[in-house]
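In: Task: produce atomic coordinates for the following.
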Amino acid sequence: MAEQKTNVMRLLEQKKIPYTAHSYPHGDGAVDGVTVARITGQDLAKVFKTLVAQGASRRVYVFVIPVAAELALKKAAKAVGEKSIAMVKVSELLALTGYVRGGCSPVGMKKLYPTTFHSSIEGLDTVLVSAGKIGWQIELEPAELIRLTRGMTADIAEE
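Out: This next block holds a predicted model:
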């Protein structure tokens with residue numbers, strides 16, 4: 001099967017950032033990250049999900065956390081200097097990011113939103129995030145991912 005290139009993959013190639021593409025079987029709907037990690041045989045600690053939230057100021061933020069964790073809204077708000085944050089509605093996701101639920105990548109969104117990665121990413125050799133399309137993941141070095149998204153790290157998850 002010929003590898004499908006997503007915009008995320010093209011962007012990484014343009015920037016000369018090495019990555020490994022992983023595909024997984026899926027149905028029509030979004031697949032949760034824990035299931036994706038199991039299907040692809042990956043360590044749960046290395047597979048991250050991308051969440052999009054909005055602050056009290058109406059600014060949009062991207063949070064990238066391990067798939068088995070939950071976003072700690074108070075910690076996340078504090079990390080980005082907001083009074084509070086709330087998840088954006090699934091119906092708003094495509095318009096804001098260019099991605100659908102289950103295929104949302106921190107790389108290549110319509111705009112470069114302030115991006116915060118869970119601090120556990122710093123201890124990993126490689127990390128997997130969505131390649132921007134359901135059924136595809138990319139694996140790359142955390143430092144490259146953080147640099148590309150101009151991201152920062154913080155403790156933003158609840159186990």
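In: By mean pLDDT, which helix or strand of this structure comes out lowest?
Out: Scoring the helices and strands of the chain by mean pLDDT, DSSP states H and E places helix 33-40 at the bottom, with a mean of 87.
In: who does that one touch, helix- and strand-wise?
Out: If you count contacts as 3 or more Cβ pairs under 8 Å, 6 or more residues apart in numbering; DSSP states H and E, helix 33-40 packs onto no helix or strand. In this view, the C-beta of every residue, glycine as well, is placed from N, C-alpha and C.
In: what's the nearest residue to Phe63 if we skip its chain neighbours?
Out: Leaving aside its chain neighbours, Phe63 sits nearest to Leu51 (4.7 Å; criterion: Cβ to Cβ, 6 or more residues apart in numbering).
In: Any chance you could list what contacts the helix or strand that contains that neighbour?
Out: Under the criterion of DSSP states H and E, Leu51 resides in strand 48-55. Applying Cβ atoms under 8 Å, 6 or more residues apart in numbering, the external contacts of strand 48-55 come out as 33, 60-67, 71, 73, 76-77, 80, 82-88, 93, 96-97, 104-106, 113, 117-118, 121, 127-130.
In: strand partners of that strand, parallel vs antiparallel please.
Out: Sheet pairing of strand 48-55 (DSSP bridges) gives strand 60-66 (antiparallel), strand 85-87 (antiparallel).
In: Turn those into JSON lines, columns for mean neighbour count and distance to Met9.
Out: Shown next, in JSON lines, are those (neighbours: other Cβ atoms under 10 Å; distance: least, Cβ to Cβ, whole Å):
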{"stretch": "strand 60-66", "mean neighbour count": "24", "distance to Met9": "18"}
{"stretch": "strand 85-87", "mean neighbour count": "17", "distance to Met9": "27"}
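In: I'd like to know which of those is closest to Lys46.
Out: strand 60-66 (8.1 Å; Cβ to Cβ).
In: how about the CA coordinates for that closest one, as PDB?
Out: Taking C-alpha atoms only, strand 60-66 is exported to PDB below (Å, rounded to 0.1, in the frame of the first residue of the first chain):
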ATOM      1  CA  VAL A  60      -7.200  29.600  21.500                       C
ATOM      2  CA  TYR A  61      -4.600  27.300  23.000                       C
ATOM      3  CA  VAL A  62      -3.300  23.800  22.100                       C
ATOM      4  CA  PHE A  63      -2.500  21.300  24.800                       C
ATOM      5  CA  VAL A  64      -0.700  18.100  24.000                       C
ATOM      6  CA  ILE A  65      -0.800  15.400  26.700                       C
ATOM      7  CA  PRO A  66      -0.300  11.600  27.000                       C
END
